[in-house]
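# no letters, just coordinates:
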Ligand code: HEM
Ligand SMILES: N[C@@H](CC(=O)c1ccccc1NC=O)C(=O)O
């Protein structure tokens, strides 16, 4: 007996909005008992700017969670407390190693209820932190979105979160679409599978276009120096001033240091869903395709490596994490397409999805290059010329990275999630092309993009120059980030 195909509503997932809550995030908690939390967050930028946030939170009483009713209230409370927590920890000349009980006690309780970790996750700042400007218009349109809370009050920060919200909303309908494709493959209905894959490829192309819009209104300077420091977690943050992590006070005096990764879009369930549905496997960073043969060669068993993308599932809301696990059990499309490799329409549609997802990751690497790598180089040379200790510390918070004497600008830069970002992101991109069925597609997607240049490429047959799946285009090589495909 095959396991049942998951039903979205069983996991609180919407057919229309995907992992965004079907009920819009609350703009404030209805019970006036929580006015103190609402007032702090409503004045967050002012309190941070005037350096008065810590004092205010130090005087805040411990509020009970008993007044929270609907899930949307729990989500609002979680988001409020995460903004307060990260504001408290990071707004100051040195980060705070302790989080007062007035934040940590309710935050830990609410996180347990929502089955998410007590740190500013992607859910806290993106999924549960937006509103439509016009209630009668869709939220998959960036022109109809606003954020509820930001650390800085800047349009750059709002835009940074909202691009992700729009991607989640526009990607939402892909979930029921691809669950239908799984059912169709079970019924050997290749026409429906092909149609679903084509529609998926087109949507992925849309999502890439949305991702590119990051450049419109989020300035790399503002992102790197003003916004990003607040998104950092408490893991691997020694350079930034948190060698042990953070103590979440509970009044017992017996608390231990805790360490959590910072917010990262790797905590978005939708992109992980795309990988699962297409049968893309992500290995731990640095691991080659066939590690068994490598260890046999050396005659040693390799120790198990850390798989960051799996680790990031712990930072997703519990039902979303369980949905991904259950979809993994039924994902059959890669096997189905491989078993029907003589069906050109089917293989081309499947390869187009891989190509589009790979192109999405290319655009993302380009963003990371502009928003983090280039910025970190600039701030390093600036800080070398200024050099006082306070400047240096600020720089370390901004880069949230380790330094390497030989190449301080590249390999050792860390993402807020804690990855060695460039090797990790490039590997994730390359793994996206691996399942390609068609030999053309395989050659194009897995080619060595290590030299600069440009040219044309085709996915599928040579005559498939264009068309429904957008299978032809040009490629060019950027000096920082490897291959970029333009469709
Ligand atoms: C200025 C904007 C952005 C920057 C600087 C950025 C940076 C990063 C970094 C450094 C990582 C590595 C993981 C970590 O350690 O955190 C990452 C991962 C990731 N980011 Fe972004 N990101 C941005 C926007 C986005 C957006 C809008 C999306 C939309 C979906 C996205 C999707 C992902 C995904 C899916 C991963 C996991 C790696 C993968 O699956 O390829 N990012 N990002
Ligand atoms: N990993 C990114 C941060 C990041 O992507 C992120 C963090 C919190 C909430 C959303 C995020 N991504 C996208 O919009 C970084 O290292 O700066």
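All right, it came through fine. What you see is a predicted model, and the numbers here were worked out from it, not measured in a lab. Numbering: from 1, shown residues only. Ligands and ions are numbered 1, 2, ... in the order given.
# longest helix anywhere in the protein?
helix 344-368 (DSSP state H).
# that helix: how far from the chain's middle?
Chain-centre distance of helix 344-368: 17 Å, with Cα atoms, centre = their mean, to the nearest Å.
# ok, and does it reach over to ligand 1?
Yes: judged by Cβ under 6 Å from any ligand atom, helix 344-368 and ligand 1 are in contact via 361, 364, 367-368. Bear in mind the C-beta positions are built from the backbone N, C-alpha and C, glycine included.
# correct me, but residue 221 touches residue 375?
Yes: between residue 221 and residue 375 there is a contact under Cβ atoms under 8 Å: 6.9 Å.
# got the phi and psi for residue 117?
Dihedral pair for residue 117: phi -90, psi 150, per degrees, to the nearest 10.
# now do the residue in the chain positioned nearest to ligand 2 against ligand 1, distance only.
The nearest approach of the chain to ligand 2 comes at residue 263, 2.9 Å away (Cβ to the nearest ligand atom). Distance of residue 263 to ligand 1, given as Cβ to the nearest ligand atom, to the nearest Å: 8 Å.
# contacting residues for that residue?
Shown in contact with residue 263 (Cβ atoms under 8 Å, 6 or more residues apart in numbering): 119-122, 124-125, 231, 233, 416-417.
# again, only using 6 Å
120-122, 125, 231, 416 (Cβ atoms under 6 Å, 6 or more residues apart in numbering).
# any idea how far residue 337 is from it?
To residue 337, residue 263 is 35 Å away according to Cβ to Cβ, to the nearest Å.
# again with residue 145
Look at residue 145 and residue 337: by Cβ to Cβ, they are 36 Å apart.
# which one's more surrounded, those two?
Each of residue 145 and residue 337 had its neighbours counted (other Cβ atoms under 10 Å), and the higher figure belongs to residue 337 (25 against 22).
# distance of the more buried one from ligand 1?
Counting by Cβ to the nearest ligand atom - residue 337 and ligand 1 are separated by 21 Å.
# where does pLDDT dip in the stretch 251-400 of the chain?
291-305, 381-400 (pLDDT under 70).
# now with 90?
By pLDDT under 90, the weakly predicted segments of the stretch 251-400 of the chain are 251, 285-307, 375-400.
# quick one, helices of it?
269-278, 291-298, 308-311, 318-330, 333-339, 344-368, 374-386, 389-399 (DSSP state H, counting those that start in this stretch).
# and for the fifth one, what are the contacting residues?
For helix 333-339, the surrounding residues in contact (Cβ under 6 Å, 6+ apart) are 185, 279, 346-347, 350, 435, 437.
# kindly recompute the last result at 7 Å.
Defining contact as Cβ atoms under 7 Å, 6 or more residues apart in numbering, one finds that helix 333-339 is touched by 181-182, 185, 193, 277-279, 346-347, 350, 435, 437.
# isn't residue 315 up against residue 267?
Yes: using Cβ atoms under 7 Å, residue 315 is in contact with residue 267, at 4.3 Å.
# in a helix, that's where residue 164 is, yeah?
Yes: Residue 164 forms part of a helix when assessed by DSSP: H, G, I helix; E, B strand; the rest coil.
# so for the strand or helix carrying residue 113, mean pLDDT?
Using DSSP states H and E, residue 113 maps to helix 101-114. The predicted model assigns helix 101-114 a mean pLDDT of 98.
# list the contacts for the single nearest residue of the chain relative to ligand 1?
Here the residue of the chain nearest ligand 1 is residue 415; by Cβ to the nearest ligand atom that distance is 2.0 Å. Contacts of residue 415 were listed using Cβ under 7 Å, 6+ apart, and they are 264, 421.
# ok, now how distant is residue 80 from residue 74?
11 Å.
# look at the two and report which has more neighbours.
Using other Cβ under 10 Å as the criterion, residue 80 and residue 74 rank with residue 80 on top: 27 against 20.
# and the pLDDT at the more buried one?
98.
# where does it land in three-state SS?
helix.
# how about it, what does it touch?
Contacts of residue 80 by Cβ under 7 Å, 6+ apart are 37, 41.
# let me have the helices of the stretch 251-400 of the chain in TSV, adding distance to residue 258 as columns.
Listed next are the helices of the stretch 251-400 of the chain as TSV, based on distance: least, Cβ to Cβ, whole Å:
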stretch	distance to residue 258
helix 269-278	24
helix 291-298	32
helix 308-311	16
helix 318-330	19
helix 333-339	38
helix 344-368	27
helix 374-386	27
helix 389-399	19
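# closest to residue 33 out of these?
Across the helices of the stretch 251-400 of the chain, residue 33 has its closest neighbour in helix 318-330 (26.3 Å, Cβ to Cβ).
# and that closest one, what does it pack onto?
Packing partners of helix 318-330 (3 or more Cβ pairs under 7 Å, 6 or more residues apart in numbering; DSSP states H and E): helix 269-278.
# can you pull the pLDDT of residue 33?
pLDDT, residue 33: 98.
# what residues does the stretch 251-400 of the chain have near ligand 1?
264-266, 268, 271, 361, 364, 367-368, 371-372.
# sorry, wrong one. I was asking about the stretch 101-250 of the chain.
160, 163-164, 167, 211, 214, 218, 223.
# do that again at 8 Å, thanks
160, 163-164, 167-168, 207, 211, 214, 218, 220, 223, 228 (Cβ under 8 Å from any ligand atom).
# mind checking which of those land in helices?
160, 163-164, 167-168, 207, 211, 214, 220, 228.
# surely residue 60 forms part of a strand?
No: counting by three-state DSSP, residue 60 falls outside a strand, being coil.
# wait, it touches residue 102, no?
Yes: counting by Cβ under 7 Å, residue 60 does reach residue 102; the two are 4.0 Å apart.
# quick one, which of the two is more surrounded?
residue 102 (21 against 16).
# spit out the contact partners of that one.
Residue 102 sits next to 57, 60-62 when contact means Cβ under 7 Å, 6+ apart.
# just residue 282 next, same as before
Taking Cβ under 7 Å, 6+ apart, one finds 275, 309, 428, 431 in contact with residue 282.
# repeat that for residue 170.
Residue 170 is in contact with 140, 203, 206-207, 210, counting by Cβ under 7 Å, 6+ apart.
# which of the helices or strands spans it?
Counting by DSSP H and E, residue 170 is part of helix 155-171.
# and the angle from whichever helix or strand comes after that helix to helix 318-330?
Counting by DSSP H and E, the next helix or strand C-terminal to helix 155-171 is helix 174-186. Counting by axes from the mean of the first three to the mean of the last three Cα atoms, to 10 degrees, helix 174-186 lies at 20 degrees to helix 318-330.
# who does helix 174-186 touch, helix- and strand-wise?
helix 190-212, helix 333-339.
# which of the ones you listed sits most buried?
Counting by mean count of other Cβ atoms under 10 Å, helix 190-212 has the highest mean neighbour count of the helices and strands packed on helix 174-186, with a mean of 20.
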